[in-house]
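need a 3D model of the sequence below.
(4 chains)
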2 protein chains.
Amino acid sequence: MADPEDLAFEALADGTRRRILRLLAERGECAASEISEAITNVGRTTVSSHLRVLRVANLVDERRDGRFRYYSLARKPAEDMVEFLRGLYQGSLAALRDRMEHEAPPDQSEATKWAESS
Amino acid sequence: MADPEDLAFEALADGTRRRILRLLAERGECAASEISEAITNVGRTTVSSHLRVLRVANLVDERRDGRFRYYSLARKPAEDMVEFLRGLYQGSLAALRDRMEHEAPPDQSEATKWAESS
DNA sequence: CTATCATGTCGATGATTCTTGAAGCATCGT
DNA sequence: ACGATGCTTCAAGAATCATCGACATGATAG
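Presented below is the predicted three-dimensional model:
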């Protein structure tokens, strides 16, 4: 039930969580309080919950220092998610090649394009 | 209300919808019935609902032919989503982004043309 | 025209998720 | 030790979502 791909996509499904990720991308490492102040329209406990989701999905890293907890974008982020997207692209290339072999050939520029990207 | 980035991420949050996208990546264009048969553990109406979500999120294209409706991965898929991810993880997604930006200009009579960028 | 086929839509329902106040856990300063 | 600070977890209500069966639509065949 804990497929990393699932966790990453489910984590990204929420707009508030994407706002947090954008903030971390802009400012770099932030303390939880700084994130709470920047993310409007939601309370601190809500932000904390979202940070938990992002952490278990391996989208952010957590560093503890005294009473503070600093969050930053995960150093090795969401590899399964990226692989899923890349898989869509490559698999579709294969389907395109299949159709090209059985149907009318496309013009030259098209042929060179898909040929290059492999 | 709902901007395209939201729609795309929310659409990708569901595992069944990602299964559908994977199927379309493998087989290319499929009729709705073919998708329903391939996607196990869910009924036909559920698949139909998912296809609608994917369509409004601009992740799949729909082509009607007689009583049939053929679905395929969107020719110009989820650019806002990819743009968001690029902002976060430029390194990991650089290649994917490049391919999407090589999207060919408006000669789209070829039904298979989208594949260059997905 | 009628029956059938391929699909989409609607309404209900059970499950999941978001949000929040209150309470809990450490840690720091004095 | 005591209180204050930074942050999380818990419990629960509200909102959203996934799933399905029944019905609707629209095209094709006989």
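
could you pull out the helices for chain A?
Using DSSP state H, the helices of chain A run over A:4-12, A:15-27, A:32-38, A:44-56, A:79-102, A:108-116.

and the second one, is it in reach of DNA strand C?
Yes - contact of helix A:15-27 with DNA strand C (Cβ under 7 Å from any atom of the strand) involves A:T16. (Each C-beta comes from the backbone N, C-alpha and C, glycine too.)

and that helix, what's buried?
A:R17, A:R18, A:R19, A:I20, A:L21, A:R22, A:L23, A:L24 (16 or more other Cβ atoms under 10 Å in any protein chain shown).

what does the fourth one give?
Taking 16+ other Cβ under 10 Å as the basis for neighbour counts, the residues of helix A:44-56 that come out buried are A:V47, A:H50, A:L51, A:V53, A:L54, A:R55.

and DNA strand C, which of those residues contact it?
Near DNA strand C, by the rule Cβ under 7 Å from any atom of the strand, you find A:H50, A:V53 out of these.

closest one of the buried residues of helix A:44-56 to B:C30?
Minimum distance to B:C30 across the buried residues of helix A:44-56 is 33.2 Å, recorded for A:V53 (Cβ to Cβ).

verify the stated contact: that closest one with A:F9.
No - the pair A:V53 / A:F9 is not scored as a contact, 11.8 Å apart, by Cβ atoms under 8 Å.

what is A:A31 paired to in the beta sheet?
Beta bridges link A:A31 to A:Y70 when assigned by DSSP bridges.

for B:R67, see how far away it is.
59 Å (Cβ to Cβ, to the nearest Å).

who has more neighbours, those two?
A:A31 (15 against 7; other Cβ atoms under 10 Å in any protein chain shown).

and the more buried one, what does it touch?
Neighbouring residues of A:A31 by Cβ atoms under 8 Å, 6 or more residues apart in numbering or on different chains: A:F68, A:R69, A:Y70, A:Y71.

so which residue of chain A comes closest to DNA strand C?
A:G66 (2.9 Å; Cβ to the nearest atom of the strand).

how many residues are close by the closest residue to A:G15 other than its chain neighbours?
The shortest distance from A:G15 to any non-neighbouring residue, by Cβ to Cβ, 6 or more residues apart in numbering or on different chains, is to B:D6 (6.0 Å). B:D6 has 17 neighbouring residues, counting by other Cβ under 10 Å.

kindly report the same for A:G28.
10.

surely it meets A:Y70?
No - if you go by Cβ under 8 Å, A:G28 and A:Y70 don't touch, sitting 9.7 Å apart.

for chain A, what lies in contact range of DNA strand C?
A:10, A:13-14, A:16, A:41-43, A:45-46, A:49-50, A:53, A:66-67.

cutoff 10 Å now
A:1, A:6-7, A:10-17, A:19, A:36, A:39-50, A:52-53, A:64-68 (Cβ under 10 Å from any atom of the strand).
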